[in-house]
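> Sequence first, predicted model second:
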Amino acid sequence: MLLLAAASLVAFVLLLYMVSPLISPKPLALPGAHVVVTGGSSGIGKCIALECYKQGAFITLVARNEDKLLQAKKEIEKHSVNDKQVVLCISVDVSQDYSQVENVIKQAQEKLGPVDMLVNCAGMSLAGKFEDLEVSTFERLMSVNYLGSVYPSRAVITTMKERRVGRVVFVSSQAGQLGLFGYTAYSSSKFAIRGLAEALQMEVKPYNVYVTVAYPPDTDTPGFAKENQTKQGNFSSSIGSDGYMLSSLTCGMAPVTSITEGLQQVVTMGLFRTIALFYLGSFDSIVRRCMMQKTKSETIDKTA
């Protein structure tokens with residue numbers, strides 16, 4: 001009887017997870033909102049900016065490459081819903097100098113009003129085995145992926161708290177939930193974002209300011225943007241079944257948005273941990289097999 005009740009609870013919670021996006025989808029941005037997107041000239045950043053613009057938001061695109069920014073601006077402006085909307089472009093490296101970042105955010109707010117939502121998309125990835133990566137690679141990725149999110153967030157958070165409204169979105173990665181072979185530099189920089197987001201959410205929640213961490217996998221960016229239309233209200237925004245499993249497994253002390261979300265995590269944790277053990281075993285097997293093949297190949301080369 002107890003087993004049947006537990007199985008029924010699991011089935012009910014999983015059903016809630018599957019249908020919840022269909023019940024009350026939340027827009028990325030409200031009409032007239034000012035949305036700042038770093039890394040907004042291409043990829044995920046550009047797609048999110050486009051979706052926000054389609055919903056009537058005013059957009060500030062921030063990136064290093066001015067030519068790409070202007071091209072993105074032209075693409076986005078084709079989808080205006082009214083003649084008052086504006087797409088502002090600002091060229092700056094968000095990872096290098098906080099004072100510069102602070103100044104460009106002030107410029108954007110002077111032209112388009114206070115920032116209602118900041119989406120931190122600026123980032124980069126470099127893969128390689130730990131001992132093969134230059135130390136400068138670790139420094140660069142931490143600068144771009146972590147400090148490149150700290151600086152813009154620091155520049156908007158005071159005004160958001162004063163206004164008692166705002167959302168800060170951090171784009172991490174599934175490699176920021178699970179350490180992966182070849183991504184020692186990238187994973188660590190993306191894990192850091194989660195720690196920042198959890199601590200920041202605890203600070204700003206009393207001021208009606210909220211934080212979201214998105215964990216995209218290898219991404220078809222238009223699909224990611226569409227997926228996010230129903231998920232930006234949550235602290236953790238995952239993509240697909242693997243992403244959902246990872247978010248539940250790694251939830252730890254992360255904030256929950258609803259009782260349903262908490263129940264889903266509690267009920268599915270054991271099952272997902274069991275599945276994860278098979279994944280980990282598979283990963284270890286692949287790495288071990290590759291090592292053996294490499295050793296065998298090196299031995300053949302030496303004896304040839």
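Nice, thanks for sending it over. Just so it is clear, the structure is predicted and the values come from calculations on it, not from any experiment.

> Tell me if I am right that residue 210 is in a strand.
Yes - according to DSSP: H, G, I helix; E, B strand; the rest coil, residue 210 belongs to a strand.

> Count the residues that sit near it.
22 (other CB atoms under 10 Å). For the C-beta atoms, the positions are set from N, CA and C on the backbone; glycine is no exception.

> Give me the phi and psi angles of the most centrally placed residue in the chain.
Residue closest to the average C-alpha location in the chain (CA atoms, centre = their mean): residue 171, at 2.0 Å. Per-residue torsions, residue 171: phi -90, psi 110 (degrees, to the nearest 10).

> isn't residue 170 right up against residue 211?
Yes - counting by CB atoms under 8 Å, residue 170 touches residue 211, with 7.1 Å between them.

> Comparing the two, which shows the higher neighbour count?
Using other CB under 10 Å, the more surrounded residue of residue 170 and residue 211 is residue 170, with 27 against 23.

> Dig out what the residue nearest to the centre of the chain forms beta bridges with.
Taking DSSP bridges as the rule, residue 171 bridges to residue 214.

> Go ahead and confirm it touches residue 124.
No - between residue 171 and residue 124 no contact is recorded; they are 11.9 Å apart, counting by CB under 8 Å.

> Name the SS class of residue 140, please.
helix.

> mind listing what's buried in the helix or strand harbouring residue 188?
Per DSSP states H and E, residue 188 falls inside helix 184-204. Of all the residues in helix 184-204, those buried under the rule 16 or more other CB atoms under 10 Å are 184-194, 196-198, 200-201, 204.

> And for stretch 92-102?
So for stretch 92-102, counting by 16+ other CB under 10 Å, buried means 92-95, 101.

> so residue 87 bridges to which residues?
residue 59.

> residue contacts, it?
Contact analysis of residue 87 by CB atoms under 8 Å, 6 or more residues apart in numbering lists 49, 53, 58-61, 73, 76-77.

> Roughly how far does it sit from residue 59?
For residue 87, the distance to residue 59 equals 5 Å [CB to CB, to the nearest Å].

> Now the common contact residues for these two.
The contact sets of residue 87 and residue 59 overlap at 49, 53, 76 (CB under 8 Å, 6+ apart).

> Helices of the chain, residue ranges please.
With DSSP state H as the criterion, the chain has helices at 2-23, 43-54, 66-77, 98-112, 135-141, 148-163, 184-204, 221-228, 240-249, 259-303.

> okay if I get those as CSV plus mean pLDDT and distance to residue 36?
CSV is the format used below for the helices of the chain (pLDDT from 0 to 100; distance: least, CB to CB, whole Å):
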stretch, mean pLDDT, distance to residue 36
helix 2-23, 56, 26
helix 43-54, 93, 9
helix 66-77, 94, 13
helix 98-112, 96, 6
helix 135-141, 95, 22
helix 148-163, 96, 7
helix 184-204, 93, 16
helix 221-228, 41, 16
helix 240-249, 67, 25
helix 259-303, 76, 27
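
> which stretch among those comes nearest residue 119?
Among those, the nearest to residue 119 by CB to CB is helix 43-54 (5.5 Å).

> and the closest one with strand 209-215, angle?
130 degrees (axes from the mean of the first three to the mean of the last three CA atoms, to 10 degrees).
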